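Visitor: Following is a predicted model, sequence given first.
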Protein chains: 2
Amino acid sequence: MEKGEEVRNKQVIFRDYIENYPKESDFNIREKTIHLEVPKDSNGVLVKNLYLSCDPYMCILMKKIKGPSVFTSYTPGSVTTGYGVAKVLDSGHPNFKKGDLVWGTTGWEEYSLVTKPEDLFKIDHTDVPLSYYTGILGMPGITAYAGFYEICAPKQGECVFVSAAAGAVGQLVGQFAKLMGCYVVGSAGSQEKVDLLKNKFGFDAAFNYKEEHDLDVALKRCFPEGIDIYFDNVGGKMLDAVLLNMRNHSRIALCGMISQYNLEQPEGVNNLMNLVYKRVRMEGFVVFDYYPLYAKFLDAVLPYIREEKIVYVEDVVEGLESGLAALVGLFNGHNIGKQVVVIARD
Amino acid sequence: MEKGEEVRNKQVIFRDYIENYPKESDFNIREKTIHLEVPKDSNGVLVKNLYLSCDPYMCILMKKIKGPSVFTSYTPGSVTTGYGVAKVLDSGHPNFKKGDLVWGTTGWEEYSLVTKPEDLFKIDHTDVPLSYYTGILGMPGITAYAGFYEICAPKQGECVFVSAAAGAVGQLVGQFAKLMGCYVVGSAGSQEKVDLLKNKFGFDAAFNYKEEHDLDVALKRCFPEGIDIYFDNVGGKMLDAVLLNMRNHSRIALCGMISQYNLEQPEGVNNLMNLVYKRVRMEGFVVFDYYPLYAKFLDAVLPYIREEKIVYVEDVVEGLESGLAALVGLFNGHNIGKQVVVIARD
């Protein structure tokens, strides 16, 4: 492609605010054209999107967010945004040049003009799959790293429970915990995911929460001595059952509550008094706060990947149309591992 | 009294486990006799009880506690126990001698044989009211001190909210916060208490939660910029409303949840997702863990009392019969300040 060339740009348009989980009909796909150059006087970068990431937080942006929030709702009628890996085709910013690979927030479209490129991360290590920068080496990776090491304050031998454990974040938290010598149990929503947790990620045990009549009983079976660390990705009933099983001076990292995102009114959590009796610290966190740790994080995790001490499972689909179905499927637990959408491979 | 003398010992007997808040009929008062000496081969101490303390946790001990807990239920048919100030009449323990003043767990009776005197604290400073060792200088005092300074990690100028603010713990937390240069608001259950908060304890504002139609609105009125620190003594609906008003990186100390102790099933708390968005740390604590700080605590608080930088309000009744009514009244908010029962003055 030549600079300034006009090409087709297929785009995913967010139609209007939603109340529950997203459906494919909440989006339109349209074709526009785009000039492959940065407008004059812009310090943006023009990128070709390679891999797009399906992440649970996107459901939050599809709702009308009331009051001040760390998030800003999508604008109805505009291109959907999300994390992705992209290649710079033209740059108006001194830190980026044509050919650079980057990850960060981009559009759900073939080409994007990124107007705040200072929020993009440059990709320096390409001996690992590029798509990993939507997952283990991107936002979900730092989420797992910061949430586990910074919030959970883990110690060797502790008992760790992870919900949504086969997801983009959960699979990493479990493997970080195993590398620390912890006893690790995960929950997931299908037998296939449970098998993955035990056979691929090395979890000590796992259970399918949909098959358990009583989550408290399931947790007591897996943790007869109780839980030292709970990495919560789901909230709701699971969190409530976990509260009954926390040990003295245990920690809960609240990463997100995917089970609650489709509810008008979130479910009530009844067992908070256990936080007092057991002196539990429960702490929410947002990954943005930990982006300054990114270099340190890469230094820790890249060797694990290269030495195959950590494995990472992706669920890959091709094209924006399939990507939409995959995004919607995320909220029904259809994905096995990190949900990635390939737009182009280079 | 002479050593070994046999005297009358009026006692409050816990009848049987309760389901809701305590009633006076959950107890019997009986008269026994006691020999004022420690039995041979016992390392206990025989004390004369002077002041008894009415504390919310006693309601928890009146219920049948299921599963492992930091608390042990009262034994039906036995003497009720609680915190108190007492004078040693006879000692089988090398650390205590006749005439020593102590505070710690004793019986609701005129004289008690304390069989684990190593858990008692010796009272060295008697230039302050002895009854203070049931409150500001006893368990509630360390509770306020540890919960505020250790759990809340306060900074000058922060916005602090305290529930049950006129109680034994709350009045201290608010005054500690004012001494740190914080903006402090308290909630309580009557106009009289609200006046006390504003006029006696120096809170910047206070409201009667019973008069507020919408707690969220009341909190937004008092904290237009949000809350940095919430010292929670009540749980339930107040906690849920507070969650909507916490600022980024704020802290919640969970001290106890008196609003929940009479419920078969605790109320659901719906707004936990705010802990994620706002990166809130919510942490339960139990005062026992902080007893090693007692000497440091006294060094900090005794000068505040002597210099009248902190005031302390007690609600004092005389005798075991009135004490029972006062204990029951605690759960209906009848007390104004720390509820103390005088058994004897020396």
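Guide: Happy to help now that I have it.

Visitor: Please settle this for me: is residue A:88 part of a helix?
Guide: No: assessed with DSSP: H, G, I helix; E, B strand; the rest coil, residue A:88 is strand; it does not lie in a helix.

Visitor: Assign residue A:142 to helix, strand or coil.
Guide: helix.

Visitor: which one is the closest residue to chain B within chain A nearest to, not counting chain neighbours?
Guide: In chain A, the residue that lies nearest chain B is residue A:268 (1.5 Å; C-beta to the nearest C-beta). (Glycine included, C-beta is placed from N, CA and C.) Leaving out its chain neighbours, the residue that sits closest to residue A:268 by C-beta to C-beta, 6 or more residues apart in numbering or on different chains is residue B:268, at 1.5 Å.

Visitor: For that neighbour, grab the count of nearby residues.
Guide: Close neighbours of residue B:268, defined as other C-beta atoms under 10 Å in any protein chain shown, add up to 16.

Visitor: OK, contacts around it?
Guide: Neighbour list for residue B:268: A:267-270 [criterion: C-beta atoms under 8 Å, 6 or more residues apart in numbering or on different chains].

Visitor: near chain B, which residues of the stretch 1-150 of chain A?
Guide: For the stretch 1-150 of chain A, the residues in contact with chain B (C-beta under 8 Å from any C-beta of the partner chain) are A:69-71.

Visitor: Lowest-confidence entry in those?
Guide: Lowest pLDDT among the residues of the stretch 1-150 of chain A next to chain B: residue A:69, with 78.

Visitor: Correct me if wrong: that residue contacts residue B:276.
Guide: No: counting by C-beta atoms under 8 Å, residue A:69 does not reach residue B:276; the two are 10.7 Å apart.

Visitor: who has more neighbours, those two?
Guide: More crowded of residue A:69 and residue B:276, by other C-beta under 10 Å: residue B:276, with 21 against 13.

Visitor: Now that one: which helix or strand?
Guide: Secondary structure assignment for residue B:276, by DSSP states H and E: helix B:273-277.

Visitor: Counting by contacts, list what the helix or strand that contains residue A:186 packs against.
Guide: Secondary structure from DSSP H and E places residue A:186 in strand A:183-188. Under the contact criterion of 3 or more C-beta pairs under 8 Å, 6 or more residues apart in numbering or on different chains; DSSP states H and E, strand A:183-188 touches strand A:159-162, helix A:170-179, helix A:191-199, strand A:205-208.

Visitor: Make a markdown table out of these and add mean neighbour count.
Guide: Formatted as a markdown table, the helices and strands packed on strand A:183-188 follow (neighbours: other C-beta atoms under 10 Å in any protein chain shown):
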| stretch | mean neighbour count |
| --- | --- |
| strand A:159-162 | 28 |
| helix A:170-179 | 26 |
| helix A:191-199 | 18 |
| strand A:205-208 | 19 |
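
Visitor: could these go into a markdown table alongside mean pLDDT and distance to chain B?
Guide: Listed next are the helices and strands packed on strand A:183-188 as a markdown table, based on pLDDT from 0 to 100; distance: least, C-beta to the nearest C-beta, whole Å:
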| stretch | mean pLDDT | distance to chain B |
| --- | --- | --- |
| strand A:159-162 | 98 | 15 |
| helix A:170-179 | 98 | 16 |
| helix A:191-199 | 97 | 23 |
| strand A:205-208 | 98 | 21 |
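
Visitor: now these in JSON lines, with distance to residue A:244?
Guide: As requested, the helices and strands packed on strand A:183-188 are exported to JSON lines (distance: least, C-beta to C-beta, whole Å):
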{"stretch": "strand A:159-162", "distance to residue A:244": "12"}
{"stretch": "helix A:170-179", "distance to residue A:244": "21"}
{"stretch": "helix A:191-199", "distance to residue A:244": "22"}
{"stretch": "strand A:205-208", "distance to residue A:244": "16"}
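
Visitor: Tell me how chain A divides into domains.
Guide: Taking automatic domain parsing as the reference, chain A has its domains at A:6-135+A:313-342, A:139-288.

Visitor: With respect to burial, which of the ones you listed scores highest?
Guide: Of all the domains of chain A, domain A:139-288 carries the top mean neighbour count, a mean of 21, counting by mean count of other C-beta atoms under 10 Å in any protein chain shown.

Visitor: And that one, how far out from the chain middle?
Guide: Its chain's average C-alpha position is 15 Å from that of domain A:139-288, according to C-alpha atoms, centre = their mean, to the nearest Å.

Visitor: ditto for stretch A:294-308
Guide: Chain-centre distance of stretch A:294-308: 18 Å, with C-alpha atoms, centre = their mean.

Visitor: got the CA coordinates for it in PDB?
Guide: Output of stretch A:294-308 as PDB, limited to C-alpha atoms (Å, rounded to 0.1, in the frame of the first residue of the first chain):
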ATOM      1  CA  TYR A 294       4.600  -2.900  31.800                       C
ATOM      2  CA  ALA A 295       8.400  -3.200  31.300                       C
ATOM      3  CA  LYS A 296       8.900  -5.100  34.500                       C
ATOM      4  CA  PHE A 297       6.000  -7.300  33.600                       C
ATOM      5  CA  LEU A 298       7.500  -8.100  30.200                       C
ATOM      6  CA  ASP A 299      10.800  -8.900  31.800                       C
ATOM      7  CA  ALA A 300       9.000 -11.400  34.100                       C
ATOM      8  CA  VAL A 301       6.700 -13.000  31.600                       C
ATOM      9  CA  LEU A 302       8.600 -13.200  28.300                       C
ATOM     10  CA  PRO A 303      11.100 -15.700  29.700                       C
ATOM     11  CA  TYR A 304       8.200 -17.800  31.000                       C
ATOM     12  CA  ILE A 305       6.700 -17.900  27.500                       C
ATOM     13  CA  ARG A 306      10.000 -18.700  25.800                       C
ATOM     14  CA  GLU A 307      10.900 -21.400  28.300                       C
ATOM     15  CA  GLU A 308       7.300 -22.800  28.000                       C
END
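
Visitor: And it, what's buried?
Guide: Residues A:297-298, A:301-302, A:304-305 are the ones in stretch A:294-308 that count as buried (16 or more other C-beta atoms under 10 Å in any protein chain shown).

Visitor: Of the residues you listed, which is the nearest to residue B:343?
Guide: Residue B:343 has its nearest neighbour among the buried residues of stretch A:294-308 in residue A:297, at 61.6 Å by C-beta to C-beta.

Visitor: How about that closest one: what's its closest non-neighbour residue?
Guide: residue A:145 (5.0 Å).

Visitor: how about low-confidence regions in the stretch 201-346 of chain A?
Guide: Applying pLDDT under 70 to the stretch 201-346 of chain A flags no residue at all.

Visitor: With adjacent residues omitted, what lies nearest to residue A:331?
Guide: Using C-beta to C-beta, 6+ apart and skipping the chain neighbours, the partner closest in space to residue A:331 is residue A:21 (4.1 Å).

Visitor: quick one on the thing from earlier: any chance of a markdown table for the residues of the stretch 1-150 of chain A next to chain B, columns secondary structure?
Guide: Shown next, in a markdown table, are the residues of the stretch 1-150 of chain A next to chain B (three-state DSSP):
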| residue | secondary structure |
| --- | --- |
| A:69 | coil |
| A:70 | coil |
| A:71 | coil |
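
Visitor: got the contact list for the closest residue to residue A:31 other than its chain neighbours?
Guide: Excluding the flanking residues, the one nearest residue A:31 by C-beta to C-beta, 6+ apart is residue A:10, at 5.3 Å. Taking C-beta under 8 Å, 6+ apart, we find residue A:10 in contact with A:29-31, A:109-110, A:320.

Visitor: can you do 10 Å?
Guide: Residues counted as contacts of residue A:10 (C-beta atoms under 10 Å, 6 or more residues apart in numbering or on different chains) are A:29-32, A:108-111, A:319-321, A:343.

Visitor: can I get those residues in TSV with distance to residue A:119?
Guide: Below are those laid out as TSV (distance: C-beta to C-beta, whole Å):
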residue	distance to residue A:119
A:29	26
A:30	26
A:31	27
A:32	24
A:108	17
A:109	18
A:110	21
A:111	18
A:319	26
A:320	23
A:321	28
A:343	20
